[in-house]
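S.K.: need a 3D model of the sequence below.
(chains A and B)
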Number of protein chains: 2
Amino acid sequence: MKTVEETVKNAREASWSIGEADTNQKNSALEEIAQKLQENKDKIIEANSKDLEELKKKEGYSRAFHDRLLLDGDRIEGMADGLRDIIYLNDPVGEVTSMWKRPNGLQVGRIRVPLGVVAIIYEARPNVTIDAAGLGIKSGNSVVLRGSSEALNSNKALVEVIQEGLRAAGLPENGVVLVEQTDRESATDLMRQNRYLDVIIPRGGAALKKTVMENATVPVVETGEGNCHTFVDESAEVESAVSIAVNAKVQRPGVCNAMETLLVHKNIADAFLPKALEALVNEGVEIRGCPVTANHHREVKAASEDDWATEYLDLVLSVKVVESAEEAVKHVNTYGTGHSEAIITNSYSNSRKFMQRVDAAAVYVNASTRFTDGNAFGLGAEMGISTQKLHARGPMGLESLTSSKYIVYGDGQVRG
Amino acid sequence: MKTVEETVKNAREASWSIGEADTNQKNSALEEIAQKLQENKDKIIEANSKDLEELKKKEGYSRAFHDRLLLDGDRIEGMADGLRDIIYLNDPVGEVTSMWKRPNGLQVGRIRVPLGVVAIIYEARPNVTIDAAGLGIKSGNSVVLRGSSEALNSNKALVEVIQEGLRAAGLPENGVVLVEQTDRESATDLMRQNRYLDVIIPRGGAALKKTVMENATVPVVETGEGNCHTFVDESAEVESAVSIAVNAKVQRPGVCNAMETLLVHKNIADAFLPKALEALVNEGVEIRGCPVTANHHREVKAASEDDWATEYLDLVLSVKVVESAEEAVKHVNTYGTGHSEAIITNSYSNSRKFMQRVDAAAVYVNASTRFTDGNAFGLGAEMGISTQKLHARGPMGLESLTSSKYIVYGDGQVRG
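M.R.: Residues are numbered from 1 along each chain as shown, chains lettered A, B, ... in the order given. Now for the predicted structure:
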């Protein structure tokens, strides 16, 4: 087995060729990988079933975990489709985003270039292996994959297929590499390979993010933690507010853009809360509310201070009645994680206030927070949803995987 | 004295008001500060002279250090002028950089927002105190300043003036704060204030950068290390190449965009090197060359492997004769720090090759690397020159001090 350093060094060396490859060559690699995924379906499923067998023996086994790890024919077809979708996205590399002339005749411009080597640390979701590889290749980067131990066999089989595809397209196979070590020390080792890595993206829960933040010397883009709020203002249209609240909570409760806290203006509580709570409870949602909320439905449990700060990722919702839009903004900025926040209102001034003052990657007026992702925003597939302010904020599409360089054309200019 | 945490917490609280201030109010703060700098000249010079007296007692005192630390009437006028220049720059905050409509009717856009709280760690240059404050305020950020112990009295006096200016413009004085602790532990403490800081920018030498990189958990933007090259290709026009090489080395040798290594194509060595080396030696430059270079001038010392990797920041230059443009690109990408790199050529294909393959913040054809700064590029004053790929690369003007947020306007849309 290669050391972590050898693995990332290989990726760095390959990155020079990947970075210079033209769009046709990168697309052809994506198509080759898509085809080989389909051709090698049985082999991949076999590797995946080894992982699933191991999983069954483990403590803490859950049906949900099993389902995330599972690969079948349909899911592999889905991966191939995902790669083909990336073929249709614009190649960001080489775009001159602006160019101007200085008084001394120098032409100064900025051009998009690949970041270089992008590392991703993620949990037992084999589809991330293919998504990350596809987005990385298309944006001219080498990709270093570090999945979890539970998915090791699946990831090995997938990376083998990816590397075959790269070779078939005339690109170096080390454009996508898998770190096969899955212990903690090797993760820390990876996070400190500044010489070979340009960025490291943790995709997973708060614990993973914290470990990366504390140990990484490589620049990090944090993704995915979403304690998202919906604020129903006093002027909201009740039916629409109920429909948005239910959608934001239950349409897919396990994802980062699902609502975790519902804030309700006191003046609409009587009209809105009984209907909304009934609808949510009917969808199986457990409600943890403030005392005022509890007056509006029999099944409300008392919310603790911790509830306001919790990302449940489950059919649980905390609900609070607030005095004003200002209090809602303050609550969001105090407890939120800067992911997706919505106001439901018919007040022009409150919509502007909420938009301006809420500090988050995506702020909504009159829509469900569930739309925060690359595809729903029209950016195409994404590498994750950044909740930090540096470099990329919100869904990280192909452009987020690029940097820029200044290009300067002269005719012998010197500085006076 | 406030603790580091108290200081940065104050800056975070002030950042909400600074971030919402309109352009007129921010400009008025800059004008107030400029006026108060001029009014308080004597007080500032008095504080500065305390620092200078302390400095004289210290080991390792140098004339150059003294000069960097010195404030006099002209320099304070220069600081006030610098702030007034920032008034004329566009306010980046609130610009909607793009907006589009999705098939479901959602309008999705991106708007520039302040980063929030920007911390800067720097050495004994009091002018940085004013530049950083001015750029931070204009871009709607709170600024945390952490200067060196040698400049503490000067910085205290300057920050007092800045805070008076902020108050006079109706903005919270904690929009600009000084960390008064100057020991190592407090620096590390500062680098780990993730709750209150959005970015930390080290401005200084390689040692400072390394400390920050290894200890910071707050996102970092690295700036300023410049091992810059000029490659004189075989087709270069000799006179122009000599003039560019001399300018890049001697016009201001102590700055990060000055040339440190001259690479020369073997086919132009006979025509170019005698003239170039003579001109450089006449300007007082010490030449450390490869064996071929040594054949062209009597005063060439032998370059060691270390020389290729050294940023001299002084009148010293390493010179190497190379076989080809490819070798030049390889040398630059091996030893460079990704700052500013130039090719002097009349070959279209080599100019394209160099531009595409050299991995640096700024790549030049036929001009001096000395132009890499905010003013010379037409961006206005800058917070530093980033040599990393994430978030900002090259001169960091006002836009580099902003992030973005997605804004989404709907009419009740829910996800299907």
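
S.K.: tell me the contacts of the residue in the stretch 101-250 of chain A that chain B sits nearest to?
M.R.: Scanning the stretch 101-250 of chain A for the residue nearest chain B gives A:Asn247, at 3.6 Å (criterion: CB to the nearest CB). Where C-beta positions appear, they are placed from N, C-alpha and C, glycine not excepted. If you count contacts by CB atoms under 8 Å, 6 or more residues apart in numbering or on different chains, A:Asn247 has them with A:Ser368, A:Arg370, B:Val414, B:Arg415.

S.K.: and those residues, which two are furthest apart?
M.R.: A:Arg370 and B:Val414 (7.4 Å; CB to CB).

S.K.: can you pull the residues that touch both of these two?
M.R.: By CB under 8 Å, 6+ apart, the residues touching both A:Arg370 and B:Val414 are A:Asn247, A:Ala248, A:Gln251.

S.K.: any chance of those in TSV, plus secondary structure and pLDDT?
M.R.: Putting the shared contacts of A:Arg370 and B:Val414 into TSV (DSSP: H, G, I helix; E, B strand; the rest coil; pLDDT from 0 to 100) gives the following:
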residue	secondary structure	pLDDT
A:Asn247	helix	98
A:Ala248	helix	98
A:Gln251	coil	96
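
S.K.: from chain B, how far off is A:Arg252?
M.R.: Using CB to the nearest CB, to the nearest Å, we find A:Arg252 at a distance of 8 Å from chain B.

S.K.: which ones are touching that residue?
M.R.: Counted by CB under 8 Å, 6+ apart, A:Arg252 has contacts A:Ala258, A:Arg370, B:Arg415.

S.K.: ok so it is a strand residue?
M.R.: No - read with DSSP: H, G, I helix; E, B strand; the rest coil, A:Arg252 is coil and lies in no strand.

S.K.: where does it land on pLDDT?
M.R.: A:Arg252 is assigned a predicted lDDT (pLDDT) of 94.

S.K.: where does it fall, phi/psi-wise?
M.R.: For A:Arg252, the backbone dihedrals (degrees, to the nearest 10) come out as phi -160, psi 80.

S.K.: do the same with A:Ala361
M.R.: phi -70, psi -40.

S.K.: pull the distance from stretch A:170-183 to the chain's centre.
M.R.: Between the centre of stretch A:170-183 and the centre of its chain there are 21 Å (CA atoms, centre = their mean, to the nearest Å).

S.K.: give me the contact list for that stretch.
M.R.: Residues contacting stretch A:170-183 (CB under 8 Å, 6+ apart): A:1-2, A:4, A:7-8, A:10-11, A:13-15, A:17-18, A:21, A:25-26, A:29, A:133, A:136-137, A:142-149, A:152, A:155-156, A:159, A:162-164, A:166-167, A:186, A:189-190.

S.K.: in its sheet, what does the lengthiest strand in chain A sit against?
M.R.: Using DSSP state E, we find that the single longest strand of chain A is strand A:402-413. Its sheet considered, strand A:402-413 pairs with strand A:107-114 (antiparallel), strand B:362-367 (parallel) by DSSP bridges.

S.K.: next, the buried residues of whichever helix or strand comes after the longest one.
M.R.: Spelled out, it's strand A:107-114. The helix or strand immediately downstream of strand A:107-114 is strand A:117-122, counting by DSSP states H and E. Neighbour counts over strand A:117-122 (16 or more other CB atoms under 10 Å in any protein chain shown) mark A:Val117, A:Val118, A:Ala119, A:Ile120, A:Ile121, A:Tyr122 as buried.

S.K.: mind putting these in JSON lines, distance to chain B and pLDDT included?
M.R.: Output for the buried residues of strand A:117-122, formatted as JSON lines (distance: CB to the nearest CB, whole Å; pLDDT from 0 to 100):
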{"residue": "A:Val117", "distance to chain B": "10", "pLDDT": "98"}
{"residue": "A:Val118", "distance to chain B": "10", "pLDDT": "98"}
{"residue": "A:Ala119", "distance to chain B": "13", "pLDDT": "97"}
{"residue": "A:Ile120", "distance to chain B": "15", "pLDDT": "96"}
{"residue": "A:Ile121", "distance to chain B": "16", "pLDDT": "95"}
{"residue": "A:Tyr122", "distance to chain B": "19", "pLDDT": "93"}
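
S.K.: need the contact list for A:Met259.
M.R.: A:Met259 touches A:Cys228, A:His229, A:Thr230, A:Ala245, A:Ala248, A:Lys249, A:Leu317, A:Ala342, A:Thr369, counting by CB under 8 Å, 6+ apart.

S.K.: so the third one: helix, strand or coil?
M.R.: Secondary structure, three-state DSSP: A:Thr230 is strand.

S.K.: does it touch A:Thr345 like I think?
M.R.: No - under the criterion of CB atoms under 8 Å, A:Thr230 is not in contact with A:Thr345, lying 11.0 Å apart.

S.K.: can you pick out the residue with more neighbours from the two?
M.R.: A:Thr230 (28 against 24; other CB atoms under 10 Å in any protein chain shown).

S.K.: for that one, what are its contacts?
M.R.: A:244-245, A:248, A:259, A:261-263, A:341-344, A:368-369.

S.K.: could you do A:Val321 as well?
M.R.: A:Leu263, A:Val264, A:His265, A:Lys266, A:Ala269, A:Leu273, A:Cys290, A:Val292, A:Thr293.

S.K.: do the same with A:Pro126
M.R.: A:Asn48, A:Leu69, A:Leu71, A:Gly147, A:Ala151, A:Ser154, A:Asn155, A:Leu158.

S.K.: what separation do you get for it and B:Glu326?
M.R.: Distance of A:Pro126 to B:Glu326, given as CB to CB, to the nearest Å: 40 Å.

S.K.: report pLDDT for A:Glu20.
M.R.: 94.

S.K.: isn't it right up against B:Lys353?
M.R.: No - taking CB under 8 Å as the definition, A:Glu20 is not a contact partner of B:Lys353, at 10.2 Å.

S.K.: what about the two, which has more around it?
M.R.: B:Lys353 (18 against 13).

S.K.: in this structure the more buried one contacts B:Ser324, no?
M.R.: No - between B:Lys353 and B:Ser324 there is no contact under CB under 8 Å: 10.1 Å.

S.K.: the longest strand of chain A: which residues count as buried?
M.R.: Neighbour-count burial for strand A:402-413, counted by 16+ other CB under 10 Å, picks out A:Thr402, A:Ser403, A:Ser404, A:Lys405, A:Tyr406, A:Ile407, A:Val408, A:Tyr409, A:Gly410, A:Gly412, A:Gln413.
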